[in-house]
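In: No letters, just coordinates:
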C-alpha cells in the first residue's frame, strides 16, 4: 500500500505534485481534540519555502482545508480528511522531462513500478510536495500530544559538513523545543546557522545542492509506550521517516557511534531521581529500549541527501527509448531540502508517538 | 501488534527466551517452493554462537521443526509455521534479576508496557533468541529469492572502530555474496577480521563488550519493486531491521555520508550499458529511488550497540521497589552480537525483498 | 479503523452527511486503467433518489471530483482520491435531534463511541450518504473488472414480503446483468416491481417504511480467486456489505435454505462441460467453496431493514439527560432504502472481487 | 492473508488436517489475564465429536499446548501461540481422493488457488479441524470477557427444518448462557433436541447429511464498542464467522425477517429503565446500531450447510485430468457439523468482542 500507513492510526497520503490537490485521510484520531488551525498553519509555514535564499522561489501557499472529521472545532473521531489545492504549478517546466530520468529522482523507478502510468509532472506522487499533508497530520498529532505535555522539536544538525551544536539528550526542555520552532533557520548555534545559509547559497550559485542532517527530540514521553520486535517506536518512526523523500539514514540515540563504543560506555545506568522517577545518567539509548519508551527524551538523527534537482548538465537516459541523453534540470528547486525538512521529521515523530500513545492507559 | 509484520506477507514471531518454544508463523508464502532444510540449517548455523571466542559459550542447538505449510517438501501457500524448542535454559541464572533493570535492556520498559506480566527470564520475548525464527523465515525467503537469481549477503563492516574493506556497491557478484557466507567470521579482509576477533576477546576479558556495523548487499534485484512513501523498500527493510535487538542505526547507499556531499557528487548518473540495461555509474543511492529498486545492488549498513549484558558491576534500580541497586550480570553472554547478527540482517532483507517481489508481474 | 478497509486494496471512506464533503481514498488501484467518468456517473445515478415516489425528495447531485490518482484519463497506480461536495444540506431539520436518539439509528451508540463528539447532523459519518463514495469506488472497480469480462449486477429480490423472480444462478449472462442496470426500478418481473413500488408508496403515506432484500450475482469470475479461512471471498464481501447502513443479513448461494437441505440435495456435483471447463450442475454453493471462487456465478442476498427514519411519533430517550421523550422525525427520508441500495451492494462486491483479482496471475 | 485476521488483535491460524500440528498465534492479548486451562479444555471438548451418534467416530483428542505468551499462568501480553499435535490421522482414507474434487469441498478451488500445491490430505488447511485453534483462541478470549461480566453462548436453533425455541433477545441472562454450555446437545427445548438427534442419525443411516442454524447471544456487552462502516461489530463478527467452514449465511437481530417488517414494527424504541440505563423495548437490532453495541444483548444466527462429505456415490471430476468420475467418500464424517459448530460460533464472537473491547476506556 504505497501511501497508507496503518497501525493504531491509519493514515493515507494522496495526490500528485501537479494534480488537482494533495491531501491526507487520517482514521482513528481520538475524538474531542481541539484543532487550532492557526497553529496548524504555523507548523506548515515552517515547511514552506524560506525567504532567505536557501529555498526554491516558488511560492507554495499551502492552505489545508478540512473536509471531514472536525465538528465545532473538535475532532469527531471519524476520519479526518484534509486537502490542499495545487495552485502554483508550472507544468511546462517539466514537459520535456517526461521520458528523461532525472538522476537521483524516482522518474525511472516510478515509471517501471507503475508500468508507465505514473504522473510524471513534477515527480507526481513521488514529489516532495507530498510532505505537506504529512506536516498537516503531524501538526494535528502534535497538538494532541502537547495537550498531554509531550513536545517534539528538531534542528538542522549538519549541512554539508558544517555542524550545529547537538541537542542535550538529557536536559532539553519543552521550552527549548518551542524556541527552536520560532527560528526561521532552526539551528542551536546562530553562527553555525549563518555558515550553513552561506554554504547553501553558494551551492545554488554553483548550480549545485547540498544535504544535511536533522536531529529531533521528543520530551516528556511517558515510559512504557511502544512494543517489542516489529511494532516498536523505532520501527514506526523508521517507517514514517523513510516516507520523506531524500532520507538516506536514521539513527536513534548514539546511533552509529554506539557501534564504536564499549558496553561499559554505552550502557545507560539507571537511578531513581529526586522526584522518585527511574531515569538514566546518560542517554545513549535515545529514550527507547526494546522498542518501548524509557521516559528519557527520545532522540534521533535523519540524514538527507543533497537535492537531486540541479541545473548543471548531467548524463542520463531516455528510459522509454533506452538511449543515453544529457539533462539540465530547469525550474525552481531547493538547493537544500534540509531546512524545510525539519518540520517533516517532527511530523513523522508526532504521528508515530500519537499512534503508540493510543495504547497508553487512560490516554 | 508487537511481533507481527503484515504487508504482502504476514509474519508473526512468537516465544520467550526461556519458554517452551520460539517460532514463527508466515502467511502468504508463495506455493510450490521447495524448502531445502539442510540449507536452512546452514543459514541458522551462522547465527549460532561462534566457537572462536567471540560468542557466548551456551550451545544453542536451534533446530526448527516445520509444523505446517510444507507438503512433500514444497510450500503449500497456506501458513508456514516453524517452531524451535527451547532446551538449554538456565533460568536460575536470571532468577535474581527479575526486578533489577539490566542497563541497556528492556527489562524496565517491558515491565511497564506489559504491567509487570512480561516473562522476565532471559529477557523473555525481548531476547535476542527471537532472531532465530527471524533467521528461519529469512532462510526460507532467501531460497525463494535465489531461485529467481536474487542473492543477499552481508559482512562485518566494523567492530569497535576496526573497519573491514567495504563492499563494492556496483561490482559485487552473486559469487562474492556466497563466498561471504562461507566464512565463519564474515569479513572481506581476513586480516581485519582477525583484528576484530582479538578486540572482541579483549572486551570479554575486560568484562566488557563491543558493538559494530553490518553491511548488507542484495544483487540482481529487478528494477521496479517497492512503492512510494510508506511502503517502499527502505520502509519495509527499516521496519524489519529495527526488529533486531541492539540495532541503533540504518543507512542506505551513501547514507549519512550523502548528507556531506554535493548534489553533483551524490547524484548517480544513468546510462544504458552494453546489455541494453539502464544502470548508474555510481551507486550512492543504494539501489533504491523513491522506495523502488533501480536494478543496481541494494546496499545498507546497520549499526549495533555493544551487548548490554556485561559482567562488571553497574548501577541500576530495582524497578518494583524504586530503589537504587548495583547489578553484576552473570551468565554466558556474547561480548559482541555483531558476528551473529550478520545472518539476521540478511534475513530481514530477504523477507522485505520477497514481500515486495510478490507484486512483481509473473513472480 | 472505522472506515478503512485494508486488504490488497486499501480503501478509506471519509466525510459526514452535513460536513464539507464526503469522499474516498483508494490505495493500490492497478495502474493504466481507463476511467470512464460518464459510466461512473451512470452508476452513481442509480444510487440517487428515485423520481418514482419510492425515495426521498431531496435532490442529491453527487458529482465526484477526482483529486488524485488519475492522469490523462488513466489510473496512475498511486492513491485515487475522489470527493463529493455536500450541497443540499438542511441542517436545521436535524437541529433538535441532536440529543434525542432516533430509534434504529446510531445517534446514541455513536455518541457513546465518540464520547459525544461525533457530528450529529444527519447522522454524520453514520449517514447513508457515505454509500456515495462506496459507489464511486465500486463503479471504478467495476470498470476494471468488466475489462476482464467480469460483470456484477443486482436486483430487488424482495420488498416487504413481495418477491421478485430470483436470478438463475447458472444461466445468468453478462447481458442479463447489464439489462438489470438499465431498469430504473431493478426487478426481473416488471409486475412484481410495480407491486413493490405501490407498497413503498403506501408505507410512505402511512408515515412508515419498509425493508427488503437485494440479490446480487457476479458472472465470469475465474475459478481460483480468494483464500481460505479469514480472507475468503465471503469474508471480504461480508466485511464490505456490513459497511452499508441497514444491512441485517447476508447469505451466499442457498444461504439459510442450505440449512434445511440434505447433503445429497445441497452438494453441487461437478462435471466437465462441452468447453472442457469444470462446472457444477447446480449452484447452491453460490460460486464459492472454501473462500475461493469455483468459476460458477457468485450469488448472494442481502437483507435490509426498513428505513429507521419514520415521521410518526416514537418513544425514545434524550441520551444526554437520560430522560424519556417522544420523537417525530421530520425531514425528507426514503420510505425504503432498498432501491437505492442495489448499486451499493454491487459496489461492495466489485471492490471485493477486484481486491482478490489482484492476486490472480497476470491480472 | 488467508488465515490471519488483523485488527486490534492479530490472530493467525495455521496447520493442515493431516500435517504435524495445527495451532494459532495470537498477538496483542492483554497482559496479566489468568488462563484456566481446565476451562479451555471444557470449551474445546464441546467441539469434540459427540458420543450420541451425531458425530464422526474419530476420536480427536485435541490438547492444546501453550508454546508462548503465558508465564506463571497469566498472559504476558506478547504473542500467545498454542499448538495441537495431529495424532489420529488416517491419511490412507484420503489417498485416492487427491485428484477427485469432493462435491461441496474446496479440493478443486484450493488446488487452483495454490497451483496444485495445497495439502490434499483431509482437506489440508481447508479442513474443519482448523476450527480447533479457533476454539482455543475463543476460549481464551471468553475467559477475559467473562472477567468483565460478558458472556457469550449459543444453541442449535434449527437442524434440517426442526426448530428449537429461540433465545429471548431481551431477557436471556448470563445463567442461561452458562446452562446452555452444560448441555451435551445444546438446545433450549430438550424435546426438539431429541428430534434433531434422531434426524441426524437418520441422515447418517441414509449415507446423507443435514445442515442447520446456530443462534448466538452475547449478554452484558457495554454500550459503545465497535465502529462505523467497515470496522463495526457486524463486520468483525462476519469476517470471523465466514472463516468457519460450511457457513452460508449470517444475520443479526431480526436479520432476514427485518426485510419483511415495517419500520414502525422493526424500530426498537428506547427508554430509560429503572436502573437509569438506556435500553430498548424490543431487540430487533440485535444489540448493534451503526456497527456499535447498544448495550442490549447481541444476537446473531449462522446458517450451516449439510456436511458435504457423504458416503453415497456422487458425480464429480478428476480435476487434474479434466475427466468425469464418480466418487464415494469413505472415512468417518460428521453427518451434521452443527452440534460441533456451536462453540466455534461462540469462539468467533468472543474474539470479535474482545478485539473491540480493547478500545474501551479502562478495559
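Out: Great, that's in hand. Just so it is clear, the model here is predicted, and its values are computed rather than measured. Residues are numbered from 1 along each chain as shown, chains lettered A, B, ... in the order given.
In: tell me, how many neighbours does residue A:275 end up with?
Out: Applying the criterion other Cβ atoms under 10 Å in any protein chain shown, we find 6 residues in the vicinity of residue A:275. C-betas here are computed from N, CA, C, even on glycine.
In: likewise residue A:182?
Out: Residue A:182, neighbours per other Cβ under 10 Å, totals 9.
In: From residue B:288, how far out is it?
Out: As judged by Cβ to Cβ, to the nearest Å, residue A:182 and residue B:288 stand 36 Å apart.
In: How about residue A:340?
Out: Taking Cβ to Cβ, one finds residue A:340 at 22 Å from residue B:288.
In: between those two, which one's more packed in?
Out: More crowded of residue A:340 and residue B:288, by other Cβ under 10 Å: residue B:288, with 26 against 21.
In: Quick one, grab the pLDDT at the closest residue in space to that one that isn't next to it in sequence.
Out: Leaving aside its sequence neighbours, residue B:288 sits nearest to residue B:233 (Cβ to Cβ, 6 or more residues apart in numbering or on different chains; 5.0 Å). At residue B:233, the model reports a pLDDT of 98.
In: Check residue A:221 too.
Out: 98.
In: For the spatially closest residue to it that is not a sequence neighbour, which residues count as its bridge partners?
Out: The shortest distance from residue A:221 to any residue other than its chain neighbours is 4.8 Å, reached at residue A:293 (Cβ to Cβ, 6+ apart). Applying DSSP bridges to residue A:293 gives these bridge partners: residue A:288.
In: I figured residue A:293 hits residue A:287, correct?
Out: Yes. Using Cβ atoms under 8 Å, residue A:293 makes contact with residue A:287 at a distance of 6.0 Å.
In: ok so, going back, in contact with the residue nearest to residue A:221: list those residues for me.
Out: A:221-226, A:233, A:287, A:356, B:109 (Cβ atoms under 8 Å, 6 or more residues apart in numbering or on different chains).
In: One more: residue A:146?
Out: Contacts of residue A:146 (Cβ under 8 Å, 6+ apart): none.
In: Can you read off the pLDDT for it?
Out: 98.
In: before we move on, the earlier item: residues in contact with both of residue A:293 and residue A:287, list them for me.
Out: residue A:221.
In: Show the contacting residues for the residue of the stretch 251-363 of chain A found nearest chain D.
Out: Chain D sits closest to residue A:362 of the stretch 251-363 of chain A, with a gap of 7.0 Å, by Cβ to the nearest Cβ. By Cβ under 8 Å, 6+ apart, residue A:362 lies in contact with D:361-362.
In: and if you look at residue A:347?
Out: Per Cβ under 8 Å, 6+ apart, neighbours of residue A:347: A:43, A:131, A:134-135, A:137-139, A:141-142.
In: Does the worst-scoring helix or strand of chain A on mean pLDDT reach chain B?
Out: When each helix and strand of chain A is scored by mean pLDDT, DSSP states H and E, strand A:4-6 comes last, with a mean of 91. Yes. Remark: strand A:4-6 sits within contact range of chain B at A:4-5, by Cβ under 8 Å from any Cβ of the partner chain.
In: That strand: partners in the sheet, and parallel or antiparallel?
Out: strand A:10-15 (antiparallel).
In: Can you pull out the residues in contact with the helix or strand that the strand it pairs with is followed by?
Out: Next along the chain after strand A:10-15, taking DSSP states H and E as the criterion, comes strand A:21-27. The contact list for strand A:21-27 (Cβ under 8 Å, 6+ apart) reads A:9-16, A:64, A:67, A:69, A:79-86, A:129-130, A:132-134, A:136-137, A:140, C:1-4, C:12, C:14, C:25, C:67-68, C:81.
In: Quick one: list the elements packing against the next helix or strand along the chain from strand A:21-27.
Out: Next along the chain after strand A:21-27, taking DSSP H and E as the criterion, comes helix A:37-45. If contacts are counted by 3 or more Cβ pairs under 8 Å, 6 or more residues apart in numbering or on different chains; DSSP states H and E, helix A:37-45 sits against helix A:131-146, helix A:338-357.
In: Residue A:109 against residue B:221, yeah?
Out: No. In this structure residue A:109 lies outside contact range of residue B:221 using Cβ under 8 Å: 11.5 Å.
In: So which of these two has more stuff around it?
Out: More neighbours surround residue A:109 than the other of residue A:109 and residue B:221, with 31 against 28 (other Cβ under 10 Å).
In: where's the nearest residue to that one once chain neighbours are set aside relative to residue B:232, distance?
Out: Of all residues not flanking residue A:109 in the chain, residue B:292 sits nearest, at 3.7 Å (Cβ to Cβ, 6+ apart). Per Cβ to Cβ, residue B:292 is found 7 Å from residue B:232.
In: between these two, what contacts are shared?
Out: residue B:226.
In: Would you map the helices across chain A?
Out: A:37-45, A:107-113, A:131-146, A:174-181, A:190-205, A:233-241, A:263-266, A:338-357 (DSSP state H).
In: could the ones you listed be laid out in JSON lines, adding distance to residue B:252?
Out: Below are those laid out as JSON lines (distance: least, Cβ to Cβ, whole Å):
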{"stretch": "helix A:37-45", "distance to residue B:252": "28"}
{"stretch": "helix A:107-113", "distance to residue B:252": "14"}
{"stretch": "helix A:131-146", "distance to residue B:252": "19"}
{"stretch": "helix A:174-181", "distance to residue B:252": "27"}
{"stretch": "helix A:190-205", "distance to residue B:252": "23"}
{"stretch": "helix A:233-241", "distance to residue B:252": "12"}
{"stretch": "helix A:263-266", "distance to residue B:252": "24"}
{"stretch": "helix A:338-357", "distance to residue B:252": "17"}
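In: what's the closest of these to residue B:273?
Out: The minimum distance between residue B:273 and the helices of chain A falls on helix A:107-113, with 14.0 Å, by Cβ to Cβ.
In: So which elements touch the closest one?
Out: Helix A:107-113 packs on strand B:288-289, strand B:292-293, going by 3+ Cβ pairs under 8 Å, 6+ apart.
In: what does that helix contact?
Out: A:97, A:100-101, A:118, A:120, A:123-126, A:317, A:319-320, B:223-228, B:270, B:278, B:288-290, B:292-294, C:77.
In: how many neighbours does the residue nearest to residue A:109 have?
Out: Residue B:292, neighbours per other Cβ under 10 Å, totals 27.
In: Now do the contacts for residue A:53.
Out: Residue A:53 touches A:197, A:200-201, A:204, counting by Cβ under 8 Å, 6+ apart.
In: pLDDT at it, what is it?
Out: So, for residue A:53, pLDDT stands at 78.
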